[in-house]
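S.K.: Need coordinates for the below:
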Amino acid sequence: MSPPSRLVQHTIDLNYANRKRSTSLKWILVNIALLLVFAYDLCYKCPGYTSSLHYVELCCAAVLAANACLHGLRLARARPAPPPPAAPRRAPPRPAPADCVDADVSLSPRRVWRADASPPPSPPSPASPRVDRSSPDRFIADSHSLAAYLRGYSERLRPEPAAASWATGAGCGAGHYQLSAPAAAAGADDAPAAHSPHVWRRLHLDPQRLEQWNLNLRLWLHCTILQRLVREMEAADEALAAAGLEARVGAASVERLRAAAAAAPQSALQTLPALLAYLEPFADQRYVVQRIRELARGGCLSAYRWNGGGSDWDDAKPTDAELVMHLLATYLDAALPAAGCARPFSAAHVSAAPAPAPRGPGALAVRRVALRPPQFALVLGDETVEPARGRNNLLHTLLLFLAAAARADPPALRRLHLGRAGLNMLWIIGR
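M.R.: Now for the predicted structure:
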């Protein structure tokens, strides 16, 4: 597991342990309070007096005492998980000629999520940003300390104006998840809350927390859809090989794979038609399968390119934004109750220009308003809410969609709960 993935998992474990401790403490107090009431009544009863109510009170007191002890044991066991192992500290680089500098060293002023507390080494240059190494290392225990660390780290690495022209050209290493550029360094169209911050607040979303929710959404897409999809494709290839068929996912057409699934007697191939729903709209099956595998590597969609794709991408192939939107829609089509419709989510909540957008008091849809470059917007009733264009356009549109769907009571999509009992998506926006 990569350092960013370990850090995210450790943060999730810490939050879960904190919730367990607070719940146990609450029930300990409730049980002790009720136990004191019964103990007071039992202590001041008349001597020698016994009745069935007396024995009922004794039983209740015993149950309350046992519950208090049980929650006390849970509270004692619910200790925070040990922190993930820190990466070994790098020695400061020695002066070297510019042509000898490793090409993997990141020179970008944008924020980089790294597991080690020390900043990455940079090539020696008079214009290079100075990093203060005198401050002690601090453990990142939760999302708030992570955000504070990223803010301080970004300001320490902010380049001088003379260095900005060459520093912005380099990207981060492929193994690290890169957050979007800060609003101050981005253009007006790319700023997270550039378009009507009151829209975010109207849906009970804090614009200052968009980066964290953006990361949560990427993590959910990676774990819930992409990783599972890669496992299903590998299982389908193994089942095809076991059946003696030469067809493979990505190497054969959708029609050929569907015919193989219908003809093969193995029960393992019966899930192949559901897998093909993720692939069938695209002509180049080999590219789509390969790109899904690339997006599933690492963590949090680190290879995501909203207006492009893999190394062999061209205009005839889907962009990553278009591909991710289709995968999400197909996943929700399979998860939501059908109710007489083969694709319930796509039919009710997905729209694309030039088709007319759904309108009305209950209208809620993700609408693709442009194909190249991809641009999405939220249809909310009779309004069209357009997030900022750019790299996070699709992700911010999905956050708005989730927040709008969460306003229902109970928060659900076509009677499927958005919380842990259903899609498990409410935690993405901190609910």
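S.K.: From the recorded domain assignment, give the ranges for the protein.
M.R.: 3-77, 109-114+141-168, 207-429 (automatic domain parsing).
S.K.: Next, format those domains as JSON lines and append mean neighbour count.
M.R.: All C-beta spots, glycine's among them, are computed from the backbone N, C-alpha and C. Listed next are the domains of the chain as JSON lines, based on neighbours: other CB atoms under 10 Å:
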{"stretch": "domain 3-77", "mean neighbour count": "14"}
{"stretch": "domain 109-114+141-168", "mean neighbour count": "16"}
{"stretch": "domain 207-429", "mean neighbour count": "17"}
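S.K.: List just the one of those domains that sits closest to residue 201.
M.R.: The closest of the domains of the chain to residue 201 is domain 207-429. By CB to CB, the value is 7.4 Å.
S.K.: so for that closest one, what's the average pLDDT?
M.R.: Throughout domain 207-429, pLDDT has a mean value of 88.
S.K.: Any idea how far apart the tips of that domain sit?
M.R.: Its first and final residues considered, domain 207-429 spans 11 Å by CA to CA, to the nearest Å.
S.K.: swap in stretch 373-391?
M.R.: 10 Å.
S.K.: now stretch 302-314
M.R.: First residue to last in stretch 302-314 (CA to CA) measures 20 Å.
S.K.: can you tell which of the domains of the chain is closest to residue 200?
M.R.: Short answer: domain 207-429, nearest of these by CB to CB, at 4.9 Å.
S.K.: on that earlier part again, okay if I get the domains of the chain as JSON lines plus distance to residue 201?
M.R.: Rendered in JSON lines, the data for those read as follows (distance: least, CB to CB, whole Å):
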{"stretch": "domain 3-77", "distance to residue 201": "24"}
{"stretch": "domain 109-114+141-168", "distance to residue 201": "19"}
{"stretch": "domain 207-429", "distance to residue 201": "7"}
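S.K.: Would you enumerate the residues in contact with residue 380?
M.R.: Residue 380 sits next to 363, 364, 400, 404 when contact means CB atoms under 8 Å, 6 or more residues apart in numbering.
S.K.: Now do the strands in the protein.
M.R.: 350-352, 364-370, 375-380, 383-385, 412-413, 416-417 (DSSP state E).
S.K.: For my notes, please list those strands in TSV and give distance to residue 52 for each entry.
M.R.: Below are the strands of the chain laid out as TSV (distance: least, CB to CB, whole Å):
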stretch	distance to residue 52
strand 350-352	64
strand 364-370	58
strand 375-380	61
strand 383-385	64
strand 412-413	46
strand 416-417	44
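S.K.: mind checking which of those strands is nearest residue 304?
M.R.: strand 375-380 (14.3 Å).
S.K.: Now do the closest one and strand 364-370, the angle between them.
M.R.: 150 degrees (axes from the mean of the first three to the mean of the last three CA atoms, to 10 degrees).
S.K.: mind listing what strand 375-380 pairs with, with the direction of each?
M.R.: As defined by DSSP bridges, the strand partners of strand 375-380 come to strand 364-370 (antiparallel), strand 383-385 (antiparallel).
S.K.: and residue 298, which of the strands of the chain is closest to it?
M.R.: strand 375-380 (24.0 Å).
S.K.: Take the closest one, keep the C-alpha atoms, and write them as CSV.
M.R.: C-alpha atoms of strand 375-380 as CSV (Å, rounded to 0.1, in the frame of the first residue of the first chain):
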residue,chain,number,x,y,z
GLN,A,375,-17.8,20.1,-18.7
PHE,A,376,-20.6,19.1,-16.4
ALA,A,377,-23.3,21.0,-14.5
LEU,A,378,-26.0,20.1,-11.9
VAL,A,379,-29.7,20.4,-12.9
LEU,A,380,-31.6,21.3,-9.7
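S.K.: For residue 396, see how far away the residue lying closest to residue 350 once chain neighbours are set aside is.
M.R.: Excluding the flanking residues, the one nearest residue 350 by CB to CB, 6 or more residues apart in numbering is residue 329, at 5.3 Å. As judged by CB to CB, to the nearest Å, residue 329 and residue 396 stand 17 Å apart.
S.K.: same deal with residue 206?
M.R.: Where residue 396 is concerned, residue 206 sits at a distance of 13 Å (CB to CB).
S.K.: same check, this time on residue 355
M.R.: Taking CB to CB, one finds residue 355 at 22 Å from residue 396.
S.K.: And residue 62, by the same measure?
M.R.: For residue 62, the distance to residue 396 - CB to CB - is 55 Å.
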